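Engineer: I'd like to go over a predicted model; first the sequence, then the structure.
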Amino acid sequence: MKDHKLMYGVYLRSGLLLGIILSILLFLFVPYAEVEPYKLKKEIVTMVEQISAEIEKYEEPPPVERPKVAVAASVNEVSEEEAVETIASTEFQEDIIRTQPTGPEIEIVPYYKVEVKPQPVYLPAPEYPELARKAGIEGKVTVHMLVDIDGSVIDVKVIQSSGNQILDEAAVSCARKSKFTPAKQRDKLVRVWVSRRIEFKLK
């Protein structure tokens, strides 16, 4: 035991010396690693606006589609006995001189009783409503027109609708512009109802 206590100091000095030698060897042979300060990594994105320098080629515009025109059907003057007289439309206009004043007191005679029936002088083609034309809507409208003693139309009624209000209104507007020769009963100018069928059809 005494020997160990005596040798304790020797062992301690030997251990310290050995540790110093190992430290020196490590310092000499192990490469030095430089410590760099921490830098925040930030991705920098550069936005590049690409400007197209291409010149647009001139393209010839497509041919413009010609507007579709409504086709007016023949005019039918119908008596109460359902006798139908087909009259071709015409663009000829004739000045009609008023021979008697118009007014509510003028007699309206049934078509079948009229001795001299009104003849069409001017039957304009209907204007096809733009909305109906674009939607591809077609139809037929039958109207009654009250022909005055000067041949003008003073009232219009729809007696057979096309099923579309736009076409019906266009037909009424067209019918009001119609002109006829005056009707006569016993050499007296009278008013009379006549009918007209207007057809809206896309070509």
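Structural biologist: All right, it came through fine.
Engineer: and the next element down the chain from the lowest-mean-pLDDT helix or strand in the chain?
Structural biologist: Ranking every helix and strand in the chain by mean pLDDT, DSSP states H and E puts strand 84-87 at the bottom, with a mean of 32. Per DSSP states H and E, the first helix or strand lying C-terminal to strand 84-87 is strand 120-122.
Engineer: shaky segments in the chain?
Structural biologist: By pLDDT under 70, the low-scoring segments of the chain are 1-8, 27, 29-104.
Engineer: for it, just list every one of the strands.
Structural biologist: For the chain, the strands defined by DSSP state E cover 75-78, 84-87, 120-122, 139-147, 153-160, 179-180, 183-185, 188-190, 192-200.
Engineer: adjacent strands (with direction) for the third one?
Structural biologist: What it means is strand 120-122. The strands beside strand 120-122 in its sheet (DSSP bridges) come out as strand 179-180 (antiparallel).
Engineer: the fourth one now?
Structural biologist: Strands flanking strand 139-147 in the sheet, each with its direction: strand 153-160 (antiparallel), strand 192-200 (antiparallel) (DSSP bridges).
Engineer: in the shortest one, what counts as buried?
Structural biologist: Same thing as strand 153-160. Under the neighbour-count criterion of 16 or more other CB atoms under 10 Å, strand 153-160 has Val153, Val156, Val158 buried. Any C-beta I mention is one placed from the backbone N, CA and C, and that applies to glycine too.
Engineer: residues contacting it, please?
Structural biologist: 102, 140-148, 168, 171-172, 175-180, 191, 195, 197 (CB atoms under 8 Å, 6 or more residues apart in numbering).
Engineer: rerun that using 7 Å as the cut-off
Structural biologist: Residues from elsewhere that reach strand 153-160 (CB atoms under 7 Å, 6 or more residues apart in numbering): 141-148, 168, 172, 175-176, 178.
Engineer: dump that strand to PDB, keeping only the CA atoms.
Structural biologist: Coordinates of each C-alpha in strand 153-160 appear next as PDB, following Å, rounded to 0.1, in the frame of the first residue of the first chain:
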ATOM      1  CA  VAL A 153    -104.900  51.200 -92.100                       C
ATOM      2  CA  ILE A 154    -106.200  52.800 -88.900                       C
ATOM      3  CA  ASP A 155    -106.400  49.700 -86.700                       C
ATOM      4  CA  VAL A 156    -104.600  46.300 -86.500                       C
ATOM      5  CA  LYS A 157    -105.500  43.200 -84.500                       C
ATOM      6  CA  VAL A 158    -103.600  39.900 -84.300                       C
ATOM      7  CA  ILE A 159    -106.000  37.000 -84.900                       C
ATOM      8  CA  GLN A 160    -103.400  34.300 -85.100                       C
END
